[in-house]
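# From the sequence below, what's the structure:
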Amino acid sequence: LSASERTLQLLEHERMKFSFFAAMSKEIQFEYTVVPPMITFNTWGAERLGLKETVMDPTHSDCIRRIMDSEAMAGLSSALRASTPAQPVVRFDCRMRIGEEERWTRIVARATWSSDEPPRYTGAIGKAIDIHDSRMKLNALERMASHDALTGLLNRQAFEQLKSQLRISSEPLAFLIIDVDVFKSINDNYGHDVGDQALIKVARLLDENFRKVDYVLRIGGDEFAVIMEKTGPDKKPIIRSKIEAINEILQHPEDEAVFPKYSVSVGIAFSEKGFYDDLFQQTDQALYHTKENGRCGYTFYDEL
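Numbers count the residues shown, from 1 in each chain. Next up, the predicted model:
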């Protein structure tokens with residue numbers, strides 16, 4: 001065999017090994033070049049994505065955009081171009097559409113650079129690993145840590161983190177503490193199962209009546225909170241109507257013999273800028289005033 005034939009045989013042998021091991025590991029492997037603009041996939045990866053092994057001009061290719069949206073493509077490109085010859089490896093997590101399903105995928109890639117001075121970014125080699133199942137398990141664990149198991153609302157731990165974030169906010173906000181009236185008597189007279197249902201009902205009504213952008217939390221046994229960003233005293237009529245609507249429903253259960261009528265008491269305070277340390281205390285004072293004046297209502301701290 002001539003030297004060129006032996007080289008071709010060796011190259012074909014290496015390509016076969018590369019394809020075999022990639023298929024065994026179920027990895028989507030790729031090589032991208034800037035000039036010419038082209039991405040090449042291993043055989044298994046191309047079949048998995050439903051693509052040809054070579055796709056020209058991938059950033060403008062409809063078939064590539066079908067599996068990876070423009071925002072993810074731009075993010076990956078920025079990460080690769082922000083690398084350096086000394087630190088060329090990047091990790092990038094994104095959603096990719098594989099078949100009919102969107103799955104979380106981790107792309108581990110090594111940017112390639114020219115030997116010029118200064119070096120030029122010339123492309124990348126890498127692989128895409130399916131991390132969807134582990135990502136979903138992690139998300140579920142994170143949700144369990146930050147959400148109340150009974151009501152599904154954000155919990156006290158999430159509340160403390162949220163307060164820290166809002167301390168640096170420059171936006172006005174309204175803070176509400178909601179307390180279920182005579183909750184102990186509900187538990188004593190109807191049992192803890194009915195007490196749990198009473199809490200779940202309050203949580204649902206709060207979630208339905210306040211905006212999707214508002215934070216609704218369960219911060220204690222029968223105590224809830226709502227944080228409304230970009231909300232000042234001019235929104236008092238809206239807040240009043242929401243609380244009155246909730247109490248109207250709670251005071252008129254469908255079957256009072258099975259489920260009691262009850263109510264909530266609410267304290268509200270406003271902040272011109274972020275969540276400051278005394279805001280909780282002010283809202284709590286407003287709540288106490290509501291309790292002392294017959295329950296089933298609300299008090300604004302600035303009206304005390």
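
# In space, what's closest to Ile64 - neighbours in sequence excluded?
Excluding the flanking residues, the one nearest Ile64 by CB to CB, 6 or more residues apart in numbering is Pro58, at 4.6 Å. Backbone N, C-alpha and C define where each C-beta goes, glycine included.

# What residues does the one you found make contact with?
Applying CB atoms under 8 Å, 6 or more residues apart in numbering to Pro58 gives the contacts Tyr32, Pro37, Met38, Ile39, Ile64.

# pretty sure the third one is touching Tyr32, no?
Yes: with the criterion set as CB atoms under 8 Å, Met38 and Tyr32 qualify as a contacting pair; they are 7.3 Å apart.

# which of these two has more neighbours?
More neighbours surround Tyr32 than the other of Met38 and Tyr32, with 22 against 15 (other CB atoms under 10 Å).

# Give the helix, strand or coil label for the more buried one.
strand (DSSP: H, G, I helix; E, B strand; the rest coil).

# For Trp104, I want the exact helix or strand it lies within.
According to DSSP states H and E, Trp104 maps onto strand 101-113.

# what does that strand contact?
Residues outside strand 101-113 that contact it (CB under 8 Å, 6+ apart): 76, 80-81, 83-85, 88-98, 119-132, 135-136.

# So what are the sheet partners of that strand and their directions?
Counting by DSSP bridges, the strands paired with strand 101-113 are strand 89-98 (antiparallel), strand 121-130 (antiparallel).

# And those: which comes nearest Val182?
Ranking the strands paired with strand 101-113 by proximity to Val182 (CB to CB) places strand 89-98 first, at 47.9 Å.

# ok, now which ones touch Pro88?
Taking CB under 8 Å, 6+ apart, we find Pro88 in contact with Arg110, Ala111, Thr112, Trp113.

# Now do the last one against Pro58, distance only.
Same thing as Trp113. Per CB to CB, to the nearest Å, Trp113 is found 20 Å from Pro58.

# same thing with Phe280?
The gap separating Phe280 from Pro58 is 53 Å, by CB to CB.

# go on, Asn293?
In terms of CB to CB, Asn293 sits 67 Å off from Pro58.

# Break down the stretch 1-150 of the chain into its helices, ranges please.
For the stretch 1-150 of the chain, helices defined by DSSP state H, counting those that start in this stretch occupy the ranges 3-25, 43-49, 62-67, 70-81, 132-146.

# Going along the chain, name the helices of the stretch 151-300 of the chain.
Ranges of helices in the stretch 151-300 of the chain, per DSSP H, counting those that start in this stretch, are 156-166, 183-190, 192-209, 236-250, 279-292.

# what would these look like in CSV with mean pLDDT and mean neighbour count?
Shown next, in CSV, are the helices of the stretch 151-300 of the chain (pLDDT from 0 to 100; neighbours: other CB atoms under 10 Å):
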stretch, mean pLDDT, mean neighbour count
helix 156-166, 91, 15
helix 183-190, 92, 15
helix 192-209, 95, 17
helix 236-250, 96, 16
helix 279-292, 96, 18
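
# okay, these in CSV with distance to Phe300 next?
As requested, these are exported to CSV (distance: least, CB to CB, whole Å):
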stretch, distance to Phe300
helix 156-166, 20
helix 183-190, 23
helix 192-209, 18
helix 236-250, 6
helix 279-292, 6
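
# Quick one, grab the pLDDT at Ser2.
We have a pLDDT of 66 for Ser2.

# Poorly predicted segments of this protein, please.
1-3, 15, 17-25, 141-143, 257 (pLDDT under 70).

# can you tell me which residue is nearest the centre of it?
Central residue of the chain (CA atoms, centre = their mean): Asn139, 8.5 Å from the mean position.

# is it true that Ile131 touches Arg95?
No: using CB under 8 Å, Ile131 is not in contact with Arg95, being 10.7 Å away.

# Would you mind telling me which of the two has more residues around it?
More crowded of Ile131 and Arg95, by other CB under 10 Å: Arg95, with 17 against 14.

# So what sits opposite the closest residue to the more buried one other than its chain neighbours in the bridge?
Nearest residue to Arg95, sequence neighbours excluded (CB to CB, 6+ apart): Glu102, at 4.8 Å. For Glu102, the beta-bridge partners are Arg97 (DSSP bridges).
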